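In: mind folding the following:
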Amino acid sequence: MNTPLSRRQVLSSGLTLAAAAAMSEQGGSAPRPKDPLFRISLAEWSHHKALFAGKMDHLEFAHIAKHEYGIEAVEYVNQFFKDKAEDKGYLRQLKTRAADEGVKILLIMCDGEGNLGDSAVEKRMKAVENHYKWVDAAKTLGCHSIRVNAASDGTYAEQVERAADGLHRLTEYATKQKLNVIVENHGGLSSNGAWLAEVMRKVNHPRCGTLPDFGNFHLGDGKEYDRYKGVGEMMPYAKAVSAKSNDFDAAGNEIHTDYSKMVRIVLAAGYHGYMGIEYEGSILSEADGIKATKTLLERVRSQVEQAKA
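Out: The predicted model follows:
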């Protein structure tokens, strides 16, 4: 027999649903009881050498992700189909090929479209408008986001204002398509976690967030921002995560990033979405580097799950 819910139960249920909805909006929805703590995706940049050399076809990437690595979610890079953003036939073909493989297309990483925080307003607006076609393409492909850069110039405070302005304008356009605009730490002040978090607070839009990358913390002039501090600062706004890898030791650990520590920082923020493999090393082949990163992520995930059991 159904019994009426108390006011407290109703409120509790409502809060739970609201929290779940918020996490889903971020692309990092809370796991169901039998779901893994996070899922693994593959960033197309992991195969940038093969793609630039013409040894791999962008249209085949979803097939390769599924059949070579057992990965069922991908993150495309606009550089590998730069002239196809408005080619509806090509985009439909790309989407169909991924769907036929049972592969999700999560986002498009966008580069080379101008500085969203340019000090010249007309150039900033041009950069914003240059990204519109990628928002539209991402909508066609069924993505949840486009990844952009927050390049700017000027003083620290000026760059906060300029980047926030460009990002807010672009996010307003993406919102009409029910898409997110997410920023990666990708050089300059964007690799300063505190700065990027301040930009997010300034934008103050639920569809504008971050894509913390484990390794992109080069500030220039040989200076490095603390990667663990930086990821922690960006995680409250994260809608995707990039598991950057370069080199591995004999035990299979990434030598530049303590994956166990980093994954725990990500999970502590309540993120349970995809962690995208982005291998950039030169010692292992691209294929072997991807496999080594996947193995490491799976091992760390298993260790955390066992610790929680």
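In: show me where the stretch 1-150 of the chain has helices.
Out: Here the stretch 1-150 of the chain has its helices, by DSSP state H, counting those that start in this stretch, at 7-25, 48-52, 61-69, 88-101, 121-141.
In: which residues does the second one contact?
Out: Think helix 48-52. Outside helix 48-52, the residues within contact range by CB atoms under 8 Å, 6 or more residues apart in numbering are 44, 56, 58, 61, 77, 79-80, 286. From N, CA and C alone the C-beta is placed, and that goes for glycine too.
In: before we move on, the earlier item: and of the helices of the stretch 1-150 of the chain, who's closest to Leu37?
Out: Of all those, it is helix 7-25 that lies closest to Leu37, at 13.2 Å by CB to CB.
In: any low-confidence regions in the stretch 1-150 of the chain?
Out: By pLDDT under 70, the low-scoring segments of the stretch 1-150 of the chain are 1-33.
In: and if we set it to 80?
Out: In the predicted model, the stretch 1-150 of the chain carries pLDDT under 80 at residues 1-34.
In: only alpha carbons, please: show stretch 278-295 as CSV.
Out: Provided in CSV are the C-alpha atoms of stretch 278-295 (Å, rounded to 0.1, in the frame of the first residue of the first chain):
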residue,chain,number,x,y,z
GLU,A,278,44.8,12.4,-24.2
TYR,A,279,48.2,10.8,-24.8
GLU,A,280,50.9,13.2,-26.0
GLY,A,281,54.1,11.2,-25.4
SER,A,282,56.8,10.3,-27.9
ILE,A,283,58.4,7.2,-26.4
LEU,A,284,55.5,4.9,-26.7
SER,A,285,53.5,4.8,-30.0
GLU,A,286,50.2,6.5,-30.0
ALA,A,287,48.4,3.2,-29.8
ASP,A,288,50.5,1.9,-26.9
GLY,A,289,50.3,5.2,-25.1
ILE,A,290,46.5,5.2,-25.3
LYS,A,291,46.4,1.6,-24.0
ALA,A,292,48.8,2.4,-21.2
THR,A,293,46.7,5.4,-20.1
LYS,A,294,43.5,3.3,-20.2
THR,A,295,45.1,0.5,-18.2
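In: circling back to that earlier point, make a markdown table out of the contacts of helix 48-52 and add distance to His186.
Out: Output for those, formatted as a markdown table (distance: CB to CB, whole Å):
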| residue | distance to His186 |
| --- | --- |
| Glu44 | 16 |
| Met56 | 23 |
| His58 | 21 |
| Phe61 | 21 |
| Val77 | 13 |
| Gln79 | 14 |
| Phe80 | 17 |
| Glu286 | 20 |
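In: for the residues you listed, work out which two are farthest apart.
Out: Gln79 and Glu286 (15.6 Å).
In: neighbour-wise, which of the two wins?
Out: Just comparing Gln79 and Glu286: by other CB atoms under 10 Å the higher neighbour count belongs to Glu286, 20 against 16.
In: so what's the residue positioned nearest the centre of the chain closest to, chain neighbours aside?
Out: With distances taken as CA atoms, centre = their mean, Ala240 lies nearest the centre of the chain, 3.4 Å away. Distances taken as CB to CB, 6 or more residues apart in numbering place Leu211 nearest to Ala240, at 4.5 Å, with adjacent residues excluded.
In: report how many residues lie close to that neighbour.
Out: If you count neighbours by other CB under 10 Å, Leu211 ends up with 27.
In: so it touches Val241, yeah?
Out: Yes: Leu211 sits in contact with Val241 when judged by CB atoms under 8 Å, with a separation of 6.9 Å.
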